[in-house]
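**Q** turn this into a structure:
(one chain, ligands or ions: 3)
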Amino acid sequence: MPSQPGHNGWRKKTGGYEFWRKTLNSAKYVVAPMVDQSELAWRMLSRRYGAQLCYTPMLHASVFNRDQHYRNEALQSCPEDRPLPYKLDVREQAGCQLLTVHGRTKEQKGPKTGLANWKYIKAIRDNVKIPVFSNGNIQYLSDVTRCMQETGVDGVMIAEGNLHNPALFHGIDPPIWKMAEEYLELVDLYPCPLSFVRGHLFKLFHHGLVIHSDIRCMVGTGKSLDSLKLAVLKMKERCLNDMEKFRTCPEMFESKLPHPYWICQPYVRPSPEEAEENQKKREATKRPLDLLNIPADMIGMSKNKIKKKIKNPHKCFDGSKKTQYEKCESCQNPRGKKCAFGLCKKCCKNKTKTETLDCVGHGIYLKSKIEIQEQCDTKRKELDLLEHRLTSGSTYNAGHQEVKGHQEVKGQGHIPDHCDNFAGKNTEKEAMTECCEKEITEVT
Ligand SMILES: Cc1cc2nc3c(=O)[nH]c(=O)nc-3n(C[C@H](O)[C@H](O)[C@H](O)COP(=O)(O)O)c2cc1C
Ligand SMILES: [Zn+2]
Ligand SMILES: [Zn+2]
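**A** Ligands and ions are numbered 1, 2, ... in the order given. Below is the predicted model of the structure:
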């Protein structure tokens, strides 16, 4: 927990509730620390949609102390962000000012996650004098309200629910591509590793990727932010097309999900029993290594090596037999083993730059980059038209001409009743802010 620098040269703690009110502005809607997923761009998106306090990812205290680069990357922030740094150092928590209680036991993890138990949270709430946040199992805004009423906690912290619907605290379920597009715009402003972006798209698009597995592939293998943007545009295109079909034939999209796949919604984990069942099925289909029929030349090798050798019979594990380095076609350096042009990395960089080419072996995708940007531009134009056609149709308007975006889902009843009053507002944000302020005062 951060605290004020004190007169004794170390730290003077403000009392728990004072700290919460003054430093944390009485935040009650909290986004959890999430490794590789609570970077600045995501925190800014979550804040735009109602989060009042966001944690940084967990920081490793010892690396933090010794590595400047780690500090810069881990603590990337901006004036509107002011995150709560989360440091793994138990000693600092000795004078605890705020407690977040997770309502699951230590055994409830992975497939055995199951449901959090609010009774324990209430018991703790009733027995400490500092602010308490509850954590676990929040899927909708209604759960947040219910949790606060049932347990008496001061705030609610969410992780998975936020990843699947970053607008959860606003009580709305926006289209998945809209959240993805807004997030990618924020990544342009606040860059982060591509793997974080992939992680977010996998969560946001979870149900959509089950249906559109080619897009899963694009997200998984995309080598640049542009290629992930293209994947988002593709998803948007599929969603808009399916929304159009949905208008005339909703039966086509019947499923166990609470909403069609193009709407942000919680990922409901399989129950521990279902998870165990699925695990058994997976294990039954796994082929065990047949230890009795190992070819003579592989006897004595480790299991891993045998597996590799079966996959690739030419595999050679003897270091001394490795081929000598071949020279680059244009200089004396060793050439890249997989270089498309038989060059070293430096020469390959030069060639691909001057001639606008790709070299997969060297991970250079200049030609593709330009092609992808062109594809993005074309797709964007096409989709603007399609989106306009869909969202200005009478089913989507329902008398709320002023605010686009909101009304897209409005026609399908995904905007909660309390959020009905946005006609006449200048912007969607204005309408939502007012609506959500109302929500907050209602909760208090
Ligand atoms: C992707 C992901 C990353 C997480 N990373 C961290 C972490 O770095 N440190 C931590 O204490 N908890 C971490 N958690 C746990 C969450 O903070 C939270 O306690 C847990 O997910 C339960 O809340 P939920 O039911 O709202 O998901 C992570 C959770 C998720 C889903
Ligand atoms: Zn190359
Ligand atoms: Zn060279």
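
**Q** okay, CA-based contacts and neighbour counts for the rest of this
**A** Noted.

**Q** what stretches of the protein score poorly on pLDDT?
**A** Residue ranges of the chain with pLDDT under 70: 1-14, 84, 86-94, 105-116, 287-292, 318-323, 393-444.

**Q** tell me the domain boundaries of it?
**A** 4-170, 175-262, 301-365 (automatic domain parsing).

**Q** tell me the centre residue of this structure?
**A** Residue closest to the mean C-alpha point of the chain, counted by CA atoms, centre = their mean, is residue 200 at 2.5 Å.

**Q** in the chain, which residue sits furthest out from the middle?
**A** What lies farthest from the middle of the chain is residue 296; by CA atoms, centre = their mean that is 48.3 Å.

**Q** for the stretch 1-150 of the chain, give the residue positioned nearest to ligand 3.
**A** Ranking the residues of the stretch 1-150 of the chain by distance to ligand 3 (CA to the ion) places residue 69 first, at 30.8 Å.

**Q** for that residue, the count of nearby residues, please.
**A** Neighbour count of residue 69, defined by other CA atoms under 10 Å: 11.

**Q** any buried residues in whichever helix or strand it is part of, and which?
**A** Residue 69 is part of helix 68-74 when elements are defined by DSSP states H and E. By 16 or more other CA atoms under 10 Å, the buried positions in helix 68-74 come out as residue 74.

**Q** distance check, the residue nearest to the centre of the chain against ligand 3.
**A** Distance, residue 200 to ligand 3, using CA to the ion, to the nearest Å: 38 Å.

**Q** now swap in residue 261 and tell me
**A** For residue 261, the distance to ligand 3 (CA to the ion) stands at 50 Å.

**Q** name all residues that make contact with that residue.
**A** Counting by CA atoms under 8 Å, 6 or more residues apart in numbering, residue 261 touches 207-208.

**Q** which SS class is it?
**A** With DSSP: H, G, I helix; E, B strand; the rest coil as the basis, residue 261 sits in coil.

**Q** buried ones in whichever helix or strand residue 278 is part of?
**A** Using DSSP H and E, residue 278 falls within helix 272-285. By 16+ other CA under 10 Å, the buried positions in helix 272-285 come out as 272, 275.

**Q** quick one: name whatever helix or strand follows that helix.
**A** Downstream of helix 272-285, the next assigned helix or strand under DSSP H and E is helix 303-311.

**Q** out of the domains of the chain, nearest to ligand 2?
**A** Closest to ligand 2 of the domains of the chain, according to CA to the ion: domain 301-365, at 3.6 Å.

**Q** need the residues that contact the lengthiest strand in the chain.
**A** In the chain, with assignment by DSSP state E, the single longest strand is strand 53-59. Identification of contacts with strand 53-59 by CA under 8 Å, 6+ apart yields 24, 27-40, 43, 47, 74-75, 81, 83-88.

**Q** do stretch 369-377 as well
**A** The contact list for stretch 369-377, computed with CA under 8 Å, 6+ apart, reads 224, 226-227, 229-230, 233.

**Q** regarding this structure, what is its longest helix?
**A** In the chain, with assignment by DSSP state H, the single longest helix is helix 366-391.

**Q** that helix near ligand 2 anywhere?
**A** No: if you take CA under 5 Å from the ion as the test, helix 366-391 misses ligand 2, and the best it gets is 11.7 Å.

**Q** nice, that's everything, thank you.
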